[in-house]
Structure formats: C-alpha cells, structure tokens
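S.K.: Sequence and computational prediction follow.
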Amino acid sequence: MGNTLSRLQMTDPVYKIAILTPLLYPNNRGFTMWNISNIVISKLYDKNKMLDKFNANNSASVLFGAIMFSITSPNEYTQWLKNMEISQITEKLIHFLPFIYYLYINEYNYFNIKISLLTMIYELLWSYKTGKHIFCKDDVYYPLKYKYKWVVIWVFILYGHGFTWDNTSMLARLKQLHQLMLCQ
C-alpha cells in the first residue's frame with residue numbers, strides 16, 4: 001500500500017486527474033462540468049504544461065461540441081437550456097472563457113499527440129459512464145430529432161482534442177490588432 005501511495009504522489013497531476021476524477025465525478029453531468037472541475041482542481045498544482053494542455057484540449061472539445069449542437073439542432077439546444085435553467089449568456093461564458101484563457105496562454109500553439117489521445121480517451125470514458133449510449137447522448141442532453149447529428153457533433157468534439165492555432169503568440173496577435181486599429 002505504501003508503495004502505491006508513493007507512486008501516486010510522484011505521478012504527474014494530469015494522470016492523477018485523468019485516472020481519479022472519473023471515479024469521483026457524478027455520472028449524470030455533462031462533460032463541461034467535468035472540464036470546469038478539472039480546471040479548478042488544476043489550480044491546486046504549480047504551473048504544469050501538460051495539465052494546461054489537457055485542460056485546453058478538453059475546453060476546445062467542449063466548445064466545439066456545444067457550438068455544433070447549437071448549430072445542428074438549435075431548437076433542441078434551446079429546449080435543453082430551458083430544461084436545465086441555464087441562460088444563453090451563462091452557457092456562452094462557460095464554454096468560451098476557458099477556451100479564450102488557454103488561447104491567451106498559447107496552449108493551442110502546438111500539438112501534443114500524447115495529451116490529445118489522453119483527452120479523447122478521457123472524454124470517451126465520460127461518455128461511457130454517462131448515459132445509456134457512448135455516442136448518442138439524448139438521455140444526457142435534449143433528444144435530437146435526427147440521430148446522425150450526433151456523429152457531426154462528435155466529429156467536432158474529437159477535432160477539439162487536437163485543435164491547434166498558428167505559432168504566432170497571442171500577445172503578438174493583440175499587438176497586430178492594436179496596430180491595425182491605429183492605422184485607421
């Protein structure tokens with residue numbers, strides 16, 4: 001037992017979160033709440049590049065999935081928000097703020113295959129534990145009229161796990177934007 005505990009203490013925080021949190025989190029919540037909880041937990045640790053990339057990939061997949069759900073099935077998405085008593089503003093903030101934060105700290109400037117695979121497996125584990133079906137999440141979210149739309153949503157979710165931006169830093173982009181505004 002002591003050997004297991006010492007090994008767990010020496011394990012990188014990203015692996016602790018990926019392995020332990022599915023055992024702790026409720027099985028009836030959306031992946032967004034798992035992601036927000038992971039972001040909060042990660043603030044207990046010192047700055048960790050792998051953990052930031054893990055949270056960034058999950059934040060991108062959450063955002064892209066939510067956007068595709070709202071685009072492909074706007075009526076069902078609106079009804080789900082009403083049923084959950086979530087305002088459009090709150091929903092947008094919960095999905096966009098983590099993504100913007102990780103974009104700002106340049107976590108989308110590079111691709112990490114190891115973390116991308118880990119975050120995909122992590123979300124599939126969430127999907128396996130939550131609801132009756134792995135890919136059709138009608139019992140977690142609002143039922144979609146056409147089931148094939150879940151395939152489209154999942155394609156964008158999986159794309160989020162490997163999302164990268166160009167190698168220009170966010171600070172350099174903001175300076176360019178500021179210079180463009182001065183030119184007008």
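M.R.: Nice, thanks for sending it over. Numbers count the residues shown, from 1 in each chain.
S.K.: Tell me the helix or strand right after the longest helix along the chain.
M.R.: The helix that spans the most residues within the chain, counting by DSSP state H, is helix 49-72. Sequence-wise, the next helix or strand beyond helix 49-72 is helix 74-84, with elements assigned using DSSP states H and E.
S.K.: what is the rounded mean pLDDT of that following helix?
M.R.: Along helix 74-84, the predicted confidence averages to a pLDDT of 92.
S.K.: outside of it, which residues touch it?
M.R.: Surrounding helix 74-84, the residues in contact under the criterion C-beta atoms under 8 Å, 6 or more residues apart in numbering are 69, 70, 87, 88, 91, 141, 142, 143, 144, 145. No exception for glycine: its C-beta is placed from N, CA and C like everyone else's.
S.K.: which stretches of the chain have low pLDDT?
M.R.: For the chain, the stretches with pLDDT under 70 are 1-11, 166-171, 173-174, 177-184.
S.K.: 80 instead, please
M.R.: For the chain, the stretches flagged by pLDDT under 80 are 1-11, 166-184.
S.K.: circling back to that earlier point, now could you export just the CA positions of the longest helix of the chain as CSV?
M.R.: Coordinates of the C-alpha atoms in helix 49-72 are reproduced here as CSV (Å, rounded to 0.1, in the frame of the first residue of the first chain):
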residue,chain,number,x,y,z
LYS,A,49,2.4,22.5,-19.1
MET,A,50,0.9,19.0,-19.5
LEU,A,51,-2.0,19.8,-17.2
ASP,A,52,-2.7,23.1,-19.1
LYS,A,53,-2.7,21.3,-22.4
PHE,A,54,-5.0,18.6,-21.0
ASN,A,55,-7.5,21.3,-19.9
ALA,A,56,-7.0,23.3,-23.1
ASN,A,57,-7.9,20.3,-25.3
ASN,A,58,-10.9,19.5,-23.2
SER,A,59,-12.0,23.1,-23.3
ALA,A,60,-11.7,23.2,-27.1
SER,A,61,-13.7,19.9,-27.5
VAL,A,62,-16.4,21.2,-25.1
LEU,A,63,-16.7,24.5,-27.0
PHE,A,64,-16.7,22.9,-30.5
GLY,A,65,-19.3,20.3,-29.4
ALA,A,66,-21.5,22.9,-27.9
ILE,A,67,-21.3,25.1,-31.0
MET,A,68,-22.1,22.2,-33.3
PHE,A,69,-25.0,21.1,-31.0
SER,A,70,-26.4,24.7,-31.2
ILE,A,71,-25.9,24.9,-35.0
THR,A,72,-27.2,21.5,-36.0
